[in-house]
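Chemist: Whatever this is, show me its structure:
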Amino acid sequence: MTISVRLNDEDTELFKKYAELNNISLSDLIRNAVMEKIEDEYDLKCYEEAIAEHRKNPITYSIDEVKKELGI
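Modeler: Below you'll find the predicted structure:
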């Protein structure tokens, strides 16, 4: 799949120089940046859900309790 992105000249030059400096293609740079953004937002959503669940039921377990429960 091909996707076009419009950039001004300054951004284009910055992206090219950054990609060159890191020895990656412009395509890889943009793909990696978008994937990182998606992963960061997903991680934040998971964190927020976990915190909300913990606030509803603030029970915690020590590592020893978890090991015992799992039979480790």
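Chemist: Which neighbouring elements make contact with the helix or strand containing Leu44?
Modeler: Assigning secondary structure by DSSP states H and E places Leu44 in helix 26-56. On a contact count with 3 or more CB pairs under 8 Å, 6 or more residues apart in numbering; DSSP states H and E, helix 26-56 meets helix 9-21. Just so you know, the C-beta spots here come from the backbone N, C-alpha and C atoms, and that holds for glycine as well.
Chemist: in the helix it packs on, what counts as buried?
Modeler: Neighbour counts over helix 9-21 (16 or more other CB atoms under 10 Å) mark 15, 19 as buried.
Chemist: Relative to Glu36, how far out is Tyr18?
Modeler: Tyr18 sits 14 Å away from Glu36, going by CB to CB, to the nearest Å.
Chemist: same question but for His54, I mixed them up
Modeler: Relative to Glu36, and taking CB to CB, His54 is found at 26 Å.
Chemist: Kindly report the same for Gly71.
Modeler: 38 Å.
Chemist: Those two - which one has more neighbours?
Modeler: Glu36 (10 against 5; other CB atoms under 10 Å).
Chemist: Model confidence score at Tyr61, please.
Modeler: Tyr61 carries a pLDDT value of 94.
Chemist: in terms of contact, does it touch Glu69 like I think?
Modeler: Yes. Counting by CB atoms under 8 Å, Tyr61 does reach Glu69; the two are 7.5 Å apart.
Chemist: for the chain, which spans come out with low pLDDT?
Modeler: Residues of the chain meeting the criterion pLDDT under 70: none.
Chemist: what's the nearest residue to Ile24 if we skip its chain neighbours?
Modeler: Asn32 (7.6 Å; CB to CB, 6 or more residues apart in numbering).
Chemist: Neighbours of the one you found, how many?
Modeler: 13.
Chemist: how far away is it from Leu21?
Modeler: Asn32 is 14 Å from Leu21, by CB to CB.
Chemist: Repeat that for Glu53.
Modeler: Relative to Leu21, and taking CB to CB, Glu53 is found at 42 Å.
Chemist: Please enumerate the shared neighbours of Tyr18 and Glu36.
Modeler: Residues touching both Tyr18 and Glu36 by CB atoms under 8 Å, 6 or more residues apart in numbering: none at all.
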